[in-house]
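Visitor: No sequence on hand, only this structure:
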Ligand code: FAD
Ligand code: FES
Ligand code: MG
């Protein structure tokens, strides 16, 4: 059992948990994730490790309420326990000195980007960060990301914080004035697809972190199958990070939505609407 020792509501849709998991906290690196189950009838929920404090034995997790399982998770309180928590899973981000790096995060993807920003700054890179959200209230971790960034640009759909526009608008402006050696984009699928197109047009390699439906997280069930350079890969063991230009985006996006009807019914039943 894994106890929740701190819970914070970042906004009405996004929550932060600190969970006691000393063995995972000792090993987890930027780019890796865990899979948890709330109880023995629950789904397996993959979440990125936002921070791992080896000394305190704590994992920091941030999630957005999107369906039944994340809504159930958001109802847990300090002192409650998760039934299982496995990890760290997936390959860690390759952290080294690239030179000048561009980090682009959207929505709850900012939570997955933050540990990479921090690690790349600690590896002595010049870090330029662009964060995007629908509005000011849904922008998370801007101050923390800013702490590890040489330059920080905030974009919102409605202009309520930073500049009004898309993260790709800010990417184009940066590519026009600065030589970027490598980029990362983490966020909704369409945002990662278009960030890849924008970086590729400028001739800049860009990594994305794919979040297909995962079940076991160990390469055995095939649920997280993705097509990379026309080859089948499993995001849980071969990724989740891949070069954006290698990803078959149409295949990825179609597979993300394959259980949409069932997910809608599960959420309605959970809310008592059916
Ligand atoms: P549902 O209503 O069941 O599904 C809504 C949508 O969520 C689906 O259409 C599908 O696209 C996605 N989804 C559903 N089940 C899964 C599943 N088992 N695995 C992956 N995606 C699923 N979300 C966060 O908020 N914070 C994170 O740090 C985070 N990190 C992730 C890291 C990885 C490696 C992966 C694969 C996913 C990550 N996610 C993260 C996504 C998160 O796991 C899903 O949003 C969650 O499982 C949805 O469950 P649900 O029952 O609430 O939603
Ligand atoms: Fe089963 Fe990746 S989650 S193979
Ligand atoms: Mg679900």
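Guide: Nice, I can see it. Computed from a predicted structure; not experimentally measured. Ligands and ions are numbered 1, 2, ... in the order given.

Visitor: dump the residue contacts of the closest residue to residue 266 other than its chain neighbours.
Guide: Nearest non-adjacent residue to residue 266, counting by C-beta to C-beta, 6 or more residues apart in numbering: residue 68, 4.3 Å away. Using the backbone N, CA and C atoms, a C-beta is placed for each residue, glycine as well. Residue 68 makes contact with 43, 263, 266-267, 269-270 under the criterion C-beta atoms under 8 Å, 6 or more residues apart in numbering.

Visitor: Can I have the buried ones of these as a PyMOL selection?
Guide: Here is the PyMOL command that selects the buried residues among the contacts of residue 68 (16 or more other C-beta atoms under 10 Å):
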select buried, resi 43+263+266+267
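
Visitor: Relative to ligand 2, which of the contacts of residue 68 is nearest.
Guide: residue 43 (12.3 Å; C-beta to the nearest ligand atom).

Visitor: Provide a list of residues in contact with the residue nearest to that closest one when sequence neighbours are not counted.
Guide: Nearest residue to residue 43, sequence neighbours excluded (C-beta to C-beta, 6+ apart): residue 69, at 4.5 Å. By C-beta under 8 Å, 6+ apart, residue 69 lies in contact with 38, 42-43, 45.

Visitor: swap in residue 184?
Guide: Contacts of residue 184 (C-beta under 8 Å, 6+ apart): 93, 101-104, 113, 116, 206-209, 241.

Visitor: which helices and strands sit right next to the longest strand seen in the chain?
Guide: Using DSSP state E to assign secondary structure, the strand with the most residues in the chain is strand 2-11. For strand 2-11, the elements it packs on are strand 14-20, strand 81-82, judged by 3 or more C-beta pairs under 8 Å, 6 or more residues apart in numbering; DSSP states H and E.

Visitor: So is it next to ligand 1?
Guide: No - using C-beta under 6 Å from any ligand atom, strand 2-11 stays clear of ligand 1, coming no nearer than 10.9 Å.

Visitor: now that strand and strand 14-20, what's the angle there?
Guide: Here the directions of strand 2-11 and strand 14-20 differ by 160 degrees (axes from the mean of the first three to the mean of the last three C-alpha atoms, to 10 degrees).

Visitor: neighbouring contacts of strand 2-11?
Guide: By C-beta under 8 Å, 6+ apart, strand 2-11 touches 15-21, 36, 58, 62, 76-82, 84-85, 137-138, 140.

Visitor: For burial, what's the neighbour tally of the residue of the stretch 51-200 of the chain found nearest ligand 2?
Guide: Residue of the stretch 51-200 of the chain nearest ligand 2, by C-beta to the nearest ligand atom: residue 89 (8.8 Å). The number of residues packed near residue 89 is 21, by other C-beta atoms under 10 Å.

Visitor: so what pLDDT did whatever residue of the stretch 151-274 of the chain ends up closest to ligand 3 get?
Guide: With C-beta to the ion as the measure, residue 263 is the residue of the stretch 151-274 of the chain nearest to ligand 3, at 5.5 Å. Residue 263 carries a pLDDT value of 81.

Visitor: element containing it, please.
Guide: helix 260-271 (DSSP states H and E).

Visitor: any residue of that helix up close to ligand 1?
Guide: Yes - on the criterion C-beta under 6 Å from any ligand atom, helix 260-271 is in touch with ligand 1 at 260, 263, 267.
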